[in-house]
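> build the 3D model from these lines:
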Amino acid sequence: MSFFKKLTLWCFLLWASTVSTFAFAEGIKLRQIQFEPIEQGWTVNASYLVDISNDLSEAVRKGITFHFVTEFNITRGRWYWFEEKPISAVKNIKLSYQPLTQVYRINVGALTLSANTIEEALIQVGAIAGWQVAELAALENGRTYEGAIRMRLDLSQLPKPFQINALNSREWNLSSDWYKFEITPKYRLIGK
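Alright, predicted model coming up:
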């Protein structure tokens, strides 16, 4: 076999393994985020791609409730002391399966949503809309802040036997990376 053919074959195998790794990778990935002032508060809209393995979807179907946690922080560094953290918020989302009605339930606070398939349920788990995280006055005009957001599966909410398995298995450790961004607010308070 000639050198050119070997190189071409090697490049193709490398490309195929990379594509298959990304195509079948489970986890949580941030697709988009908006952090903006609406009326008298700061609101977060985010969209996550949540993908779980067949074993985890089977665990949900067998009655294990998954608790997803979205953490959001806004900080500002200070040279004379620890960093200031004017905004820190947590959103909890529960995913469960109801075998009697054969429907997935997604609980976000007092709101309950339904889905017929695990794929539809995971889309709803990853959609965060209109999450008010702070009053408008929490951030000062013209100052630069650093924001960070991530979503993860809360392993501490699993039943105890599954917590032990989750510590030893990578497929149970679902978490997005911290997405960091900078913001310099420029808003005008109405009525002031």
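> okay, helices next: where are they in this structure?
Ranges of helices in the chain, per DSSP state H, are 3-23, 54-61, 118-126, 160-168.
> can you give me the end-to-end distance of stretch 131-144?
22 Å (C-alpha to C-alpha, to the nearest Å).
> quick one: buried residues of that stretch?
Using 16 or more other C-beta atoms under 10 Å as the test for burial, stretch 131-144 gives 131, 133-134, 136, 139. All C-beta spots, glycine's among them, are computed from the backbone N, C-alpha and C.
> now, the residues you listed that are in strands?
131, 133-134 (DSSP state E).
> most widely separated two among the buried residues of stretch 131-144?
Greatest spatial distance in the buried residues of stretch 131-144: 131 and 139, 15.9 Å, computed using C-beta to C-beta.
> pLDDT score for residue 189?
As predicted, residue 189 sits at a pLDDT of 58.
> if we can go back for a sec, redo the buried residues of stretch 131-144 as a markdown table? Include pLDDT and distance to residue 68.
Supplementary listing: the buried residues of stretch 131-144 in a markdown table, determined by pLDDT from 0 to 100; distance: C-beta to C-beta, whole Å:
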| residue | pLDDT | distance to residue 68 |
| --- | --- | --- |
| 131 | 95 | 13 |
| 133 | 96 | 17 |
| 134 | 94 | 21 |
| 136 | 90 | 28 |
| 139 | 92 | 26 |
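> quick one: residue 69 and residue 95 touch, right?
No. Between residue 69 and residue 95 there is no contact under C-beta atoms under 8 Å: 12.0 Å.
> more crowded one of those two?
More crowded of residue 69 and residue 95, by other C-beta atoms under 10 Å: residue 95, with 24 against 16.
> contacts only, for the nearest residue to that one once chain neighbours are set aside.
Here the nearest residue to residue 95 in space, its sequence neighbours aside, is residue 66; by C-beta to C-beta, 6 or more residues apart in numbering that works out to 4.4 Å. With contacts defined as C-beta atoms under 8 Å, 6 or more residues apart in numbering, the neighbours of residue 66 are 56, 60, 94-96, 153, 158.
> highest neighbour count among those residues?
Among the contacts of residue 66, the one with the most neighbours (other C-beta under 10 Å) is residue 95, at 24 neighbours.
> list the contacts of it.
60, 65-68, 104-106, 121-122, 125.
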